[in-house]
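J.: can you look at this prediction? I've put the sequence above it.
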Amino acid sequence: MGNKPTEQFAWYDNMRQTSPVRYDSETEVWEFFRYQDVFKALMTPAVFSSDIHQNRTANQEDKLSRLLGMTLLFQDGESHRTLRKITQPDFQPRFIDSRESIIVDVVDELLDRLQEKKPMDLVRDFAFPLPVKVISRWLGINEGDEKLFHDWMTELFGVPLNTLRTRENSKEQEQAIARRNRVVFDMQQYFSSYFFYYRNHRDASVISHMVNSAALDEEGLLAYTLLLFIAGHITTTRLLSSTLLLLSERDHDRWQIKQEESWGSKFLEETLRYWSPVQLVVREIREVVQMDNIEIQPGSHVVLWLGSANRDPAQFVSPDTFNVNRDFSGVLAFGIGNHYCLGAPLARREATIGLTHFLRRYPEYQVQDYVFPDRKRLIFFGPSELNAVML
């Protein structure tokens, strides 16, 4: 079996106890590890701004970062609200209810394909293609290009780009950025044909809504599409693959989900806390901040470790114990406040349907081996491979 990256969580524990607010000279950012500090920062956007790209000149050649910097992810105030309104109706529970059959169809198609795969990797063959196919249908693009999408995402978010940058691997980072710049160019060429098509053929797809919005110019349209495509699968892939691994080790919970599907939803919620798919977000300080007798100056960047906050014993009883019966109301896996994840309802619905239908079809699956990125300070958390057999 593979080794779970427990080093990351041991590091969180140590930081909360010894340096809950600290400056990292390697990454040149401040870091917050306690729940109360992360929560307060997320709820105070006027002080802890998401607009971190405007004043960043260190890497102007990083095309993906530049484009994502134009999206609602890195905007505050009125610009954030304007951008969010464009597609917010497409990710509300009522709209998801009306299109749930899309998710069910994709899940069942993938489960049918699993019968033909021996051996199988549940990430490659199920947890990755599920949200990719769903977000493709949501956007209105060809889900048959799944292999192309997989190659793009592997290049964009493989190690080292899944770790917080350090000076030691700066050359490695530069090489990776050059590769992903080529991917961004390919994605731009790919999506431009869809933009042209939907300007003349309106329908219920998300891209159709975006191309007919006065709030987006051509570059903004590309940026928003890239954000939705990328964000539309990363969280669900990580959540579902982590859930399948954790569940494979917990026969009682597997039995409970078979008897009561709501138990599956609780299991997913605890996975979101226990192994948060997104471990961090970054903010830029707009005014002097006093923390633990430390003065942090405006313009400083702060890493808010969601994964550490969700393991803080000051907020969660026995946080290192996986417990599906705890109160999940304070979990920060999808953030909180104005920047609460737009796609959270869709991610939850996909993962819930994926898990319950998978267990109906393959109740006795066994994980034989798994792979995590061999790094600490991961941004995205979850197994990259999950090799299993169906009994």
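T.: Now that the structure is in, tell me what you want to look at. Residues are numbered from 1 along each chain as shown.
J.: check which helix or strand I257 maps to.
T.: Assessed by DSSP states H and E, I257 sits inside helix 251-259.
J.: so, low pLDDT: which residues of this protein?
T.: By pLDDT under 70, the weakly predicted segments of the chain are 1-3, 53-60, 159-161, 165-170, 374-375.
J.: tell me the centre residue of it?
T.: When Cα atoms, centre = their mean is applied to the chain, the residue found nearest the centroid is T235 (3.2 Å).
J.: isn't that residue up against Q279?
T.: No - look at T235 against Q279 with Cβ atoms under 8 Å: they stay out of range, at 11.5 Å. Every C-beta, even on glycine, is put in place using the N, C-alpha and C of the backbone.
J.: state the number of residues packed around N293.
T.: Residues lying near N293 (other Cβ atoms under 10 Å) number 6.
J.: look up how far V21 lies from it.
T.: Relative to V21, N293 is positioned 9 Å away (Cβ to Cβ, to the nearest Å).
J.: ok, S79 next?
T.: From S79 across to V21, the span is 29 Å (Cβ to Cβ).
J.: looking at those two, which is more packed in?
T.: In this view S79 and V21 are compared by other Cβ under 10 Å, and V21 has more residues nearby, 18 against 14.
J.: still on that earlier bit, which residues does the helix holding I257 contact?
T.: Outside helix 251-259, the residues that touch it by Cβ atoms under 8 Å, 6 or more residues apart in numbering are 247-248, 263-264, 267, 324, 355-356, 359-360, 363.
J.: need the next SSE after that helix, C-terminal direction.
T.: helix 261-274.
J.: list the buried residues of that next one.
T.: For helix 261-274, burial by neighbour count (16 or more other Cβ atoms under 10 Å) applies to 263-274.
J.: now tabulate these in JSON lines and tack on distance to P298.
T.: Output for these, formatted as JSON lines (distance: Cβ to Cβ, whole Å):
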{"residue": "W263", "distance to P298": "47"}
{"residue": "G264", "distance to P298": "45"}
{"residue": "S265", "distance to P298": "42"}
{"residue": "K266", "distance to P298": "42"}
{"residue": "F267", "distance to P298": "43"}
{"residue": "L268", "distance to P298": "39"}
{"residue": "E269", "distance to P298": "37"}
{"residue": "E270", "distance to P298": "38"}
{"residue": "T271", "distance to P298": "37"}
{"residue": "L272", "distance to P298": "33"}
{"residue": "R273", "distance to P298": "32"}
{"residue": "Y274", "distance to P298": "35"}
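J.: looking at those, which is nearest L216?
T.: Ranked by distance to L216 (Cβ to Cβ), those are led by L272 at 30.8 Å.
J.: how about the closest residue to the closest one other than its chain neighbours, what does it touch?
T.: Spatially, and ignoring its direct neighbours in sequence, L272 is nearest to A333 (3.9 Å; Cβ to Cβ, 6 or more residues apart in numbering). By Cβ under 8 Å, 6+ apart, A333 lies in contact with 272-273, 276-278, 306, 310.
J.: roughly how far does A333 sit from I207?
T.: Where I207 is concerned, A333 sits at a distance of 27 Å (Cβ to Cβ).
J.: and for V183?
T.: From V183 to I207 the distance is 19 Å (Cβ to Cβ).
J.: and E284, what helix or strand is that in?
T.: strand 280-285.
J.: who does that strand pair up with?
T.: Sheet pairing for strand 280-285, assigned by DSSP bridges, gives strand 48-49 (antiparallel), strand 301-305 (antiparallel).
J.: after the longest one, which helix or strand is next?
T.: Scanning forward in sequence from strand 301-305 by DSSP H and E, the next helix or strand is helix 306-309.
J.: ok, and what's touching that following helix?
T.: With contact meaning Cβ under 8 Å, 6+ apart, helix 306-309 is reached by 8-9, 12, 15-16, 33-35, 38-39, 276, 278-281, 315, 332-333, 335, 381.
J.: same deal with stretch 281-290?
T.: Stretch 281-290 is contacted by residues 29-30, 41-42, 46-52, 55, 295-304, 306, 335, 339 when judged by Cβ under 8 Å, 6+ apart.
J.: of the residues you listed, buried ones?
T.: Buried subset of those (neighbour count, 16+ other Cβ under 10 Å): 29-30, 41-42, 47-52, 296, 300-304, 306, 335, 339.
J.: buried stuff in stretch 243-262?
T.: Of all the residues in stretch 243-262, those buried under the rule 16+ other Cβ under 10 Å are 243-248, 253-254, 256-257.
J.: what is the end-to-end distance of that stretch?
T.: The straight-line separation of the ends of stretch 243-262 (Cα to Cα, to the nearest Å) is 15 Å.
J.: same check on stretch 14-22?
T.: Termini of stretch 14-22 sit 12 Å apart (Cα to Cα).
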